[in-house]
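Asker: Dropping the sequence and predicted coords here.
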Amino acid sequence: MSVNLLFGKEARLPLLEGASKLNKAVSATLGPTGRNCLFRHMGMVVSTKDGVTVAREVNLKDPFESIGADLCKAAAGQTVDQAGDGTTTAVLLTHAIFEAGCKMVDAENNPVEATLLVRGLEHAVREVVGEYDATTKRFSGGILEKFAIPTTPELAFKTARISANGDDAIAKVVSEAVLRCGVDGALTIGESFSQDHVLEVVDGMQIKSGYVHPYLVNDQQRDRCAMDNVTVGIINRRISTQKEAFKIIEGALKAAESKQRPGNILLICDDIDPEALQLVLKNVLRPPGHKDGPAIPIVVIRAPDWADDRRKILDDLALVTRGRRLEFKTGSEWERLVPSDFGFATRVVVDRSKTIISAEPFSDFEREKTFNPHLAQIKSVIDDVSLRPDEIDRAKTRMANLTGGVAVIKVGGTSSSDVTSTKFRVEDAIHATRGAVSEGVVPGGGSALLFAREALAKKGSPKGLEDGYDLLYSVLARPMEQIARNAGVDPADVVSGVIAKSGNRRGFDAATRTFHQDMIAKGIVDPLRVVRSALNSAASHAGSILLRTEVLIAEEPAAERRQ
């Protein structure tokens, strides 16, 4: 493999160029007057204003520029993992920090300066966003928290409306769904048979476990596997060999055939060894026209929890899907699988960290004979005062999972392309609304970061970290400036106009090109969790990785090697 090497400033220049190209594409969508991006995906033309979707479609030809763009995408991805939204802001801030930082580092022409700069930047970011707890996956403290207020149902609607590009119908159904099922509740998206968006709550469960291998993803844009009419295998043991995997898949296909259902399969197991996983991937990735027939849609997840708690959750899943918890002790027993061993789900959505299983509704007879007695058994654990608090809490979680059901937002539209683009907006609105309900909201339109900039300046910087503070100060107005630019207004006039007014809720409404004294009262808000995560992720990738880069290695493009 032939490679090219770049050093120092020459290494950072193509990284910055790649980050700039991605930022130019993504930031054009920011704000209520942001523009759309048009591209072709899987043979279908898609028009979207969704930042994360646009970012995924940007794949640069130059290998050095591609690294810069990919690191901006990584910052956006981390933001989505932490807050569910904020891709565009994360990309914009990552590029802004890297661009301003490059000027400072290159002016000094000293690698040590980058380390001191990044140290000051990290310290300044903590002042603004607070400390992040990896266990609770939440920030606490920081300047931004001072501008936040709790989210009311009205603010939840307004948050959803902003994220859905002003669509009241989407905002109504999304805010209702999030408030109904909670921040961590099971919520998924389907398709309506009309032009209306409908919220339905169906029987089902959500479990905290995602796919075991990225090749099992069938929806690349959303990084997930989504299937309808799925046969479910619930296995309380490790799948160790290809023979075991083959027998289980064969049993699931027979179960699907006996019920005249498609051969879509979800396998839930303790774990799966590489040998067995290889067989699964071979079936999933089988090309069209293969001698063994079409590819078999399969997704595998690990059963959550461990020991007795795992068995209880698997029993809950067996109840919901009308299957059985399979616990054969030897591989030869897989020969005796029958169709009734497998459950069924009307829809399964699996991403990196969770799985939502929508099931057929229980009949009155099923509720009386199986479902209600199962709930009564769990309730007896909750009411048992002799048990430890953690055991009671786990029982309460099981009860909530079983009784809460799965909220399904069925998206309507005039065409398949219309439904697809609307789904992107619905998904964005869900994430933004969940973030708002979780930690509250701050003034939107970039106001919160601008106020944080002013507060940071008043607070001053510790000795030796001045450059890092100056760097952060120089970029915190960028989101507001970009929103103004997309609205056709001079960014400098907007920033100075907001600062000139009194109070810390003021801001600029790009939709009407007017200033407001209270952005929250006007419903122009951002979820605090999203703003925090976007800034933290941007500083982490632009500072700790990009600005500290002194050597860049990339493989030569094939065309250059042939010359």
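Answerer: Nice, I can see it.
Asker: Quick check: beta-bridge partners of the nearest residue to Val299 once chain neighbours are set aside?
Answerer: Excluding the flanking residues, the one nearest Val299 by CB to CB, 6 or more residues apart in numbering is Cys225, at 4.4 Å. No exception for glycine: its C-beta is placed from N, CA and C like everyone else's. In this entry, Cys225 is beta-bridged to Val350, by DSSP bridges.
Asker: Cys225 and Lys463: what is the separation?
Answerer: According to CB to CB, to the nearest Å, Cys225 stands 52 Å off from Lys463.
Asker: Those two: who's more crowded?
Answerer: Cys225 (25 against 6; other CB atoms under 10 Å).
Asker: any chance you could map the helices in the stretch 201-350 of the chain?
Answerer: Counting by DSSP state H, counting those that start in this stretch, the stretch 201-350 of the chain has helices at residues 242-258, 274-284, 307-321.
Asker: Mind putting the ones you listed into JSON lines with distance to His197?
Answerer: Below are the helices of the stretch 201-350 of the chain laid out as JSON lines (distance: least, CB to CB, whole Å):
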{"stretch": "helix 242-258", "distance to His197": "31"}
{"stretch": "helix 274-284", "distance to His197": "32"}
{"stretch": "helix 307-321", "distance to His197": "26"}
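Asker: Reformat the ones you listed into TSV and put distance to Gly182, mean pLDDT and mean neighbour count next to each item.
Answerer: Formatted as TSV, those follow (distance: least, CB to CB, whole Å; pLDDT from 0 to 100; neighbours: other CB atoms under 10 Å):
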stretch	distance to Gly182	mean pLDDT	mean neighbour count
helix 242-258	32	93	19
helix 274-284	33	93	18
helix 307-321	18	92	19
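Asker: of the ones you listed, which approaches Arg367 most closely?
Answerer: helix 307-321 (11.0 Å; CB to CB).
Asker: helices or strands next to the closest one in the packing?
Answerer: If contacts are counted by 3 or more CB pairs under 8 Å, 6 or more residues apart in numbering; DSSP states H and E, helix 307-321 sits against strand 204-207, strand 225-235, strand 325-326, strand 343-350, strand 355-358, helix 372-382, helix 389-404.
Asker: swap the cut-off to 7 Å and go again
Answerer: Helix 307-321 sits against strand 204-207, strand 225-235, strand 325-326, strand 343-350, helix 389-404, with contacts defined as 3 or more CB pairs under 7 Å, 6 or more residues apart in numbering; DSSP states H and E.
Asker: Now the weakest link among the ones you listed, please, by mean pLDDT.
Answerer: If the helices and strands packed on helix 307-321 are sorted by mean pLDDT, helix 389-404 sits at the bottom with a mean of 86.
Asker: Quick check, Tyr94 in contact with Gly543.
Answerer: Check again: residue 94 is Thr, not Tyr. No. No contact is recorded between Thr94 and Gly543 when judged using CB atoms under 7 Å, the distance being 9.4 Å.
Asker: Between those two, which has more neighbouring residues?
Answerer: Set Thr94 next to Gly543 and count neighbours by other CB under 10 Å: Thr94 wins out with 33 against 25.
Asker: list the contacts for the more buried one?
Answerer: Applying CB atoms under 7 Å, 6 or more residues apart in numbering to Thr94 gives the contacts 19, 72, 75, 538, 541-542.
Asker: which two in these are spaced the farthest apart?
Answerer: Applying CB to CB across the contacts of Thr94, the maximum distance is between Ala19 and Ala538, 10.7 Å.
Asker: how about low-confidence regions in the stretch 1-150 of the chain?
Answerer: For the stretch 1-150 of the chain, the stretches flagged by pLDDT under 70 are 1, 42, 108-112.
Asker: And the helices in it?
Answerer: Along the stretch 1-150 of the chain, counting by DSSP H, counting those that start in this stretch, helices occupy 8-27, 51-57, 63-83, 87-108, 111-129.
Asker: Fine by me, we can end here.
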